[in-house]
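Trainee: next one to model:
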Amino acid sequence: MIDGSTRREALARVADFHLEEGLEWAPSSSVQQVFGEDVFSERVMRERLPKDVYKRLQRTIQYGEPLDQAVADTVANAMKDWALEHGATHYTHWFQPLTGTTAEKHDSFLSPDGQGGVITEFSGASLVQGEPDASSFPSGGVRATFEARGYTAWDVTSPVWLNRSTNSVTLCIPTVFVSYGGEALDKKTPLLRSMDAVSRQAMRILRLFGTDAGVRRISATCGAEQEYFLIDRHYYFARPDLLMAGRTLFGAKPAKNQQLEDHYFGSIPERVQSFMSHSEYELYRVGVPVKTRHNEVSPGQFEIAPIFENANIAADHQQILMAMLKKIAPKYGLQVIMHEKPFAGVNGSGKHINWSLSTDTGVNLLDPRDETHTNTQFLIFLCAVIRAVNLHASLLRASIASAGNDHRLGANEAPPAILSIFLGDMLEDIIDQLARGAVNKTKKGGSLDLGARTLPQIPRHSGDRNRTSPFAFTGNKFEFRAFGASGSVAWPLTVLNTIVAESIDYMATELETAVGDHPTEAKLRTASKNLLKQVIKDHRRVIFGGDNYDEAWHKEAEKRGLPNLRSTPEALEALTTKTAREVFKKYSVLSPIELEARFVIYSEQYIKQLLIEGETTLQLGRTCILPGAMRHITQMSEAVAATEAAGMDIGELRDSLDDVVDLARRLHVGLCDLDKALHADQPEEPAKHALYVRDEIRPRMDDVREIVDALEGIVADDLWVLPTYREMLFVK
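Mentor: Numbers count the residues shown, from 1 in each chain. Next comes the predicted model:
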């Protein structure tokens, strides 16, 4: 049972944490020594595999050549020996089902030897393929519940690693997850397909420009910045809404939140920094290259960011990172909260996806270089991205749609639901020149004189940054800032890769047609100039360099015809369109049935999340908030009666009592309305059901919250049962 004493006891335990529960942790070795220690890396492969086996495996990893069974057996044996030497007892095929999290089933290396003992076994077949029960994972109608068979298959491009827990070590093998019929039931399979698609199309551009020498593959790259909140773990368990819904369903704004801007990049609290250091150390062990840590805007909010990697590996590492933070935090009495908007009135959390394209020879295709106006190949890729975002803005918006992100997008803390592109002064100037048909110069940033003799002159970039833009060019990459903190980056990366592949395909086809069978440099130059001018003319509407929060931009975007899909049900409709089916099918990323499944699953996730929140609101309102308000009314009524009996004037005090009684009455009515909406007959069809919970459940929850938050400012502190924002956000 939660009551006011429980909340006060939690506060006391928080204050005593460092004395009674503090964890003194020291790394066993330096970061340089430990980095990648628990990864079956290229170095380990070279040391443990025969040369011919190593080379054949590398060709499979780098160029997609088929993996021979004999090679798989040799690799599996070496992998097993390495894992056993590191204390592993089990292995698992680690995959990413459409739940948004990860899944694993552990099998022991031990097998009976037939003589009363055991032996360790791990074959190539066990490495390459597994058979988990697929019946309880969401499939969106791809197969019936009773059709339980599913398959996991080793993704050789993503490193195998060791997952350490208190009493065990498990060998984790990244895999895809498909149905008996071969349909993708996960987020990794479409991502890998989309990476193949964008590589194939981008290679055509390189061949046209003669820059493909030595290049076998082009990869999408990703660096995902992760924002998150930390609160004391005692408070977390005293807040059933955080426990069940991932966010606070009630909570009055404290007198101080983020308005002084003093938390952003501020000094990191000692306990938090200890947690960060421990987490980073464990992430280094499994090869996750985290780089940056700092305080974020909201009190209690922080960020961790890795360096760029192959997008598939980055997606895996993102899942490992989130799991590791959640795993380490309790050791320091903390709870990680990944929800996009766990606390009202302060900034929520995103996961900014920094995306680019890079050759396997190390060339970033979105690096403009010094004389950008002469770098025609870069301009082709840049304009291909502009065209992709303009044509498929609704699909890109659908890739970031979730119940949590609906609270955050457009709330003057995150980009709006309108997808636009920020290019910066230099590139906008070049776009202007291209539109006029002649590109003659590249705008330079110059240097900044800081005005003091002891300070150096520093180089200034050719353009500022725009933190309000949902899709901003940031020097040599695009930053997709609209994605939410809790999701897997695999899905938005899949969509982005696919629509860019389609756009590069269009650009390559136009150029190939223009230059004909006997291309020359002059033909290519003329064809590129004409193509770039036309693409800019057709798709410039998506470029915007101003304040995306400004209401004037929303009006301007509407004039430009840019979609503004404010809620998840609206956004997910993009997955049902003919355009979506055609683009995913054309590039073999998702079949129509696989795409339909994702629409159904993501709609159901939205519905279920809001229903969970609605039921939690109802239960907390009836069992915690309303009883506390009634006890406050009882005590206040007794005080008013006693004061009146003493012959004193209590007019204003009685008015205050009347206000509380009115709020309690309104709360009771609001809870009854919410109850009726929750338990009414609801549509079965996913799209209609999603609209129902959006239009009937969520507004009633918001009404209840408004009343509860008003009561929090009135009810006696010792009668308020839930830890407050003041406590959760500021006690560290």
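Trainee: now the strands for the stretch 201-350 of the chain?
Mentor: Per DSSP state E, counting those that start in this stretch, the stretch 201-350 of the chain carries strands over the ranges 218-232, 290-295, 301-306, 309-310, 334-337.
Trainee: which elements pack onto the fourth one?
Mentor: Spelled out, it's strand 309-310. Packing contacts for strand 309-310, counted by 3 or more C-beta pairs under 8 Å, 6 or more residues apart in numbering; DSSP states H and E, involve strand 218-232. C-beta here means a position set from N, CA and C on the backbone, and glycine is covered the same way.
Trainee: dump the strand it packs on to PDB, restricted to CA.
Mentor: Extracted in PDB, the C-alpha atoms of strand 218-232 (Å, rounded to 0.1, in the frame of the first residue of the first chain):
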ATOM      1  CA  ILE A 218      28.500   1.600 -49.500                       C
ATOM      2  CA  SER A 219      27.000   1.600 -46.000                       C
ATOM      3  CA  ALA A 220      24.600   3.800 -44.200                       C
ATOM      4  CA  THR A 221      26.200   5.000 -41.000                       C
ATOM      5  CA  CYS A 222      24.600   6.000 -37.800                       C
ATOM      6  CA  GLY A 223      25.500   7.700 -34.500                       C
ATOM      7  CA  ALA A 224      22.500   7.800 -32.200                       C
ATOM      8  CA  GLU A 225      22.500  10.300 -29.300                       C
ATOM      9  CA  GLN A 226      20.500   8.900 -26.300                       C
ATOM     10  CA  GLU A 227      18.700  11.200 -23.900                       C
ATOM     11  CA  TYR A 228      17.300   9.700 -20.700                       C
ATOM     12  CA  PHE A 229      16.200  10.600 -17.200                       C
ATOM     13  CA  LEU A 230      17.500   9.300 -13.900                       C
ATOM     14  CA  ILE A 231      15.600   9.300 -10.600                       C
ATOM     15  CA  ASP A 232      16.200   7.600  -7.300                       C
END
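Trainee: quick revisit: indicate which one of the strands of the stretch 201-350 of the chain is closest to Gly150.
Mentor: strand 309-310 (25.7 Å; C-beta to C-beta).
Trainee: quick one: which of the strands of the stretch 201-350 of the chain is nearest Met79?
Mentor: Among the strands of the stretch 201-350 of the chain, the nearest to Met79 by C-beta to C-beta is strand 309-310 (20.6 Å).
Trainee: quick check: neighbours of that closest one in the sheet, parallel or antiparallel?
Mentor: Sheet pairing of strand 309-310 (DSSP bridges) gives strand 218-232 (antiparallel).
Trainee: if we can go back for a sec, just put the strands of the stretch 201-350 of the chain in TSV and tack on mean neighbour count, distance to Ile421 and mean pLDDT.
Mentor: Converted to TSV, the strands of the stretch 201-350 of the chain look like this (neighbours: other C-beta atoms under 10 Å; distance: least, C-beta to C-beta, whole Å; pLDDT from 0 to 100):
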stretch	mean neighbour count	distance to Ile421	mean pLDDT
strand 218-232	24	17	96
strand 290-295	15	24	91
strand 301-306	22	22	95
strand 309-310	19	24	94
strand 334-337	22	31	96
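Trainee: nearest to Asp316, out of those strands?
Mentor: Closest approach to Asp316 among the strands of the stretch 201-350 of the chain is made by strand 309-310 (9.2 Å; C-beta to C-beta).
Trainee: just to revisit the earlier point, so which of the strands of the stretch 201-350 of the chain gets nearest Asp550?
Mentor: The nearest among those, by C-beta to C-beta, is strand 218-232 at 23.4 Å.
Trainee: picking up where we left off before, of all the strands of the stretch 201-350 of the chain, which one is nearest Gln534?
Mentor: strand 218-232 (24.4 Å).
Trainee: quick one, the closest one and strand 290-295 angle?
Mentor: Going by axes from the mean of the first three to the mean of the last three C-alpha atoms, to 10 degrees, strand 218-232 is angled at 40 degrees with respect to strand 290-295.
Trainee: can you give me the angle strand 218-232 makes with strand 301-306?
Mentor: Strand 218-232 and strand 301-306 meet at an angle of 150 degrees, taking the same axes, to 10 degrees as the criterion.
Trainee: low pLDDT regions in this structure?
Mentor: Residues of the chain that meet the criterion pLDDT under 70 lie in 1-24, 113, 117-118, 144-148, 370-374, 411-412, 440-465.
Trainee: can we see that at 50?
Mentor: 1, 15, 18-20, 448, 450, 458, 460 (pLDDT under 50).
Trainee: most distant residue from the centre of it?
Mentor: Most distant from the centre of the chain: Gly647, at 63.2 Å, with distances by C-alpha atoms, centre = their mean.
Trainee: so where do the helices sit in the stretch 51-200 of the chain?
Mentor: Shown for the stretch 51-200 of the chain, the helices assigned by DSSP state H, counting those that start in this stretch span residues 51-63, 69-85, 124-128, 188-209.
Trainee: which among those is found nearest to Asn163?
Mentor: Closest to Asn163 of the helices of the stretch 51-200 of the chain is helix 69-85 (C-beta to C-beta; 10.7 Å).
Trainee: elements contacting that closest one?
Mentor: Here helix 69-85 touches helix 42-48, helix 51-63, helix 124-128, strand 169-179, going by 3+ C-beta pairs under 8 Å, 6+ apart.
Trainee: show me what counts as buried in it.
Mentor: Buried residues in helix 69-85, defined by neighbour count with 16 or more other C-beta atoms under 10 Å: 71-80, 82-83.
Trainee: which residues touch the helix or strand harbouring Ile707?
Mentor: If you go by DSSP states H and E, Ile707 is part of helix 698-712. Identification of contacts with helix 698-712 by C-beta atoms under 8 Å, 6 or more residues apart in numbering yields 249-253, 344, 610, 613-614, 617, 621, 625, 629, 660, 663-664, 666-667, 670-671, 673-674, 677, 720, 724.
Trainee: how far is it from where the chain is centred?
Mentor: Helix 698-712 has its C-alpha centroid displaced from the chain centroid by 28 Å (C-alpha atoms, centre = their mean, to the nearest Å).
Trainee: next helix or strand past that helix?
Mentor: Where DSSP H and E defines the elements, the next helix or strand beyond helix 698-712 is helix 725-730.
Trainee: residues in contact with that following helix?
Mentor: 7, 11, 231-232, 235, 239, 248, 251-257, 298-300, 343, 345-346.
Trainee: go on, stretch 237-248?
Mentor: 2, 6-7, 10, 231, 236, 249-250, 335, 337-339, 341-344, 404, 407, 486, 609, 612-613, 616-617, 619-620, 624, 722-723, 725, 728.
Trainee: in ChimeraX, how would I select just the buried ones from those?
Mentor: Provided next is the ChimeraX selection string for whichever of the contacts of stretch 237-248 are buried by 16+ other C-beta under 10 Å:
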select :2,7,10,231,236,249,250,335,337,338,339,341,342,343,344,404,407,486,609,613,616,617,620,624,722,723,725,728
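Trainee: sort out for me which of the contacts of stretch 237-248 are in helices.
Mentor: Among the contacts of stretch 237-248, DSSP state H puts 6-7, 10, 236, 404, 407, 609, 612-613, 616-617, 619-620, 725, 728 in helices.
Trainee: closest to Met203 out of the residues you listed?
Mentor: Among the ones in helices among the contacts of stretch 237-248, Gly404 lies closest to Met203 (C-beta to C-beta), at 37.7 Å.
Trainee: with adjacent residues omitted, what lies nearest to that closest one?
Mentor: Once flanking residues are discounted, Gly404 sits nearest to Glu340: 3.7 Å by C-beta to C-beta, 6 or more residues apart in numbering.
Trainee: which residues does the one you found contact?
Mentor: By C-beta under 8 Å, 6+ apart, the contact set of Glu340 is 348-350, 402, 404-405, 407-408, 484-486.
Trainee: okay, the residue most central in space within the chain and Asp316: tell me how far apart.
Mentor: Most central in the chain under C-alpha atoms, centre = their mean is Gly487, positioned 3.8 Å from the mean C-alpha point. Per C-beta to C-beta, to the nearest Å, Gly487 is found 14 Å from Asp316.
Trainee: just Arg397 next, same as before
Mentor: In terms of C-beta to C-beta, Arg397 sits 25 Å off from Asp316.
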